[in-house]
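S.K.: Sequence first, predicted coordinates after that:
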Amino acid sequence: MSDIDDFEDTRDFSFELPHSSPVSPTRLELDDQLKFRCHRGVSCWNQCCSRADVTLAPYDIIRLKNSTGMDSTEFLKAHTVPFELDMHGVPGLKLRTDDSGACLFMKEEGCSVYADRPTACRYYPSGLLSMKSISESTDERHFLLIKEEHCKGHDEDQLQTIGEYRKAQGVEEYDDLNLEWYQIILKKKSTGPSIGKPSDMSLQMFFMASYDMDRFRRFVMSDAFIKMYDINDDEYAEFETDDIALMKFGFKLMKQVFFGELTVKEREGAWEERVKERKEILEFRKQAEIAEHDRKQDAARKASLDSGKDE
Ligand code: SF4
Ligand code: SF4
């Protein structure tokens, strides 16, 4: 184990702790041991969820929206609050709480979405620490541990490695599916000013493809999108019904939008066609503006002639 402050050469960290805490976390590796057990009999039952600060990743939202039976847009409105993931306004989401800070899914008997609880809740009191060294092109994965006074699970005598704990909590599936997204964010953060501030359109696309999967599905199935990108029928059939396939496609598209990587093939001539269409639209708008301007001038001329006649 070593302290977090040892990592001065890294550009950024991604903390996945479900509660904001003044306690400093400790860094762990997969084989490090953790003495901890959480169960209904602990004296602190539900205390962690009473002051929840849960950051959500794309797969968390897919699981939660399906668990609640809402579509993604409804779920985001009812259960999330926005924040900024970086200085360029890349949008992040946290679980909404009530005014006292308690998670809306918390019930007396425990978490009402337990089978589909987010990554951060599964990890607690550990967390994922994704780091990218300035000198390296790939990211590193470590873990962290936080020992908060109120959490009595540390007094229990269950000993396990972090790897075993992750497995028991079902975190591996979540991390595997969200990994590409974490990497996009780390790359975005570590490239800093060389990538610069994404356009509003890129940020909207990032939001939709990361969080609002049902809206993203409509976007991908739209005529304009189909005309632009070379995606085959089998892929479209998958996107129509499979949230995870669509989410993975969203990650590819994000890389294209943020970093200019050619991850989604455009149809031959589609770009030129689009430019032509836009030119036609712009020309149409210009002509409409000229016609409107002429109409107003004619009306003003007529009004001035009419007022001359009256005198
Ligand atoms: S989702 Fe469940 S485990 Fe996570 S903070 Fe809410 S009630 Fe607690
Ligand atoms: S032991 Fe820790 S994680 Fe479990 S209910 Fe208590 S505060 Fe929450």
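M.R.: Perfect, thanks for sending it. Numbering: from 1, shown residues only. Ligands and ions are numbered 1, 2, ... in the order given.

S.K.: Residues of the stretch 51-200 of the chain that sit close to ligand 2?
M.R.: Counting by C-beta under 6 Å from any ligand atom, the stretch 51-200 of the chain comes close to ligand 2 at Tyr124, His150, Cys151, Lys152, Gly153. Quick note: C-beta positions are derived from backbone N, CA and C, even for glycine.

S.K.: Which of those sits closest to Thr97?
M.R.: Of all these, Thr97 sits closest to Tyr124, with 15.5 Å by C-beta to C-beta.

S.K.: What are the boundaries of the strands in the stretch 51-200 of the chain?
M.R.: Listed in chain order, the strands of the stretch 51-200 of the chain (DSSP state E, counting those that start in this stretch) span residues 80-84, 91-95, 106-107, 110-111, 126-133, 139-145, 159-161.

S.K.: next one: phi and psi at the closest residue to Cys103 other than its chain neighbours?
M.R.: Closest residue to Cys103 apart from its sequence neighbours, by C-beta to C-beta, 6 or more residues apart in numbering: Ala52 at 3.9 Å. When read as degrees, to the nearest 10, the backbone of Ala52 gives phi -80, psi 140.

S.K.: So what's the residue count around Ala52?
M.R.: Using other C-beta atoms under 10 Å, Ala52 has 23 neighbouring residues.

S.K.: My guess is it contacts Gly101. True?
M.R.: Yes. Using C-beta atoms under 8 Å, Ala52 makes contact with Gly101 at a distance of 6.7 Å.

S.K.: Quick one: low-confidence residue ranges for this protein.
M.R.: Within the chain, the ranges that satisfy pLDDT under 70 run 1-23, 132-138, 192-196, 270-278, 280-281, 309-311.

S.K.: how about 50 then?
M.R.: Applying pLDDT under 50 to the chain picks out residues 1-17.

S.K.: Would you mind giving the domain segments of it?
M.R.: The record assigns the chain these domain ranges, following automatic domain parsing: 2-191, 198-259.

S.K.: got those domains as CSV, with distance to Glu292 columns?
M.R.: Below are these laid out as CSV (distance: least, C-beta to C-beta, whole Å):
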stretch, distance to Glu292
domain 2-191, 36
domain 198-259, 27
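
S.K.: contacts for stretch 57-70?
M.R.: 56, 71-72, 74-76, 78-80, 93, 113, 115-116, 118-120, 174, 177-178, 181-182, 210-211, 213-214, 243-244, 247, 250 (C-beta atoms under 8 Å, 6 or more residues apart in numbering).

S.K.: swap in stretch 229-237?
M.R.: Taking C-beta under 8 Å, 6+ apart as the rule, stretch 229-237 contacts Val220, Met221, Ile226, Ala245, Phe249, Val264, Lys265, Glu266, Arg267, Glu268, Ala270.

S.K.: Narrow the residues you listed to those that are buried.
M.R.: Buried members of these, counted by 16 or more other C-beta atoms under 10 Å: Val220, Phe249.

S.K.: Between the contacts of stretch 229-237, which sits nearest ligand 2?
M.R.: Distance to ligand 2 across those (C-beta to the nearest ligand atom) is lowest for Ala245, with 33.6 Å.

S.K.: mind listing what's buried in stretch 170-186?
M.R.: Applying 16+ other C-beta under 10 Å to stretch 170-186 flags 171, 174-175, 177-186 as buried.

S.K.: contacting residues for the residue nearest the centre of the chain?
M.R.: Nearest to the mean C-alpha position of the chain, counting by C-alpha atoms, centre = their mean, stands Ser210 at 4.2 Å. By C-beta under 8 Å, 6+ apart, the residues touching Ser210 are Pro58, Pro91, Trp181, Gly250, Met254.

S.K.: now swap in Cys38 and tell me
M.R.: Contacts of Cys38 (C-beta under 8 Å, 6+ apart): Gly153, Glu156.
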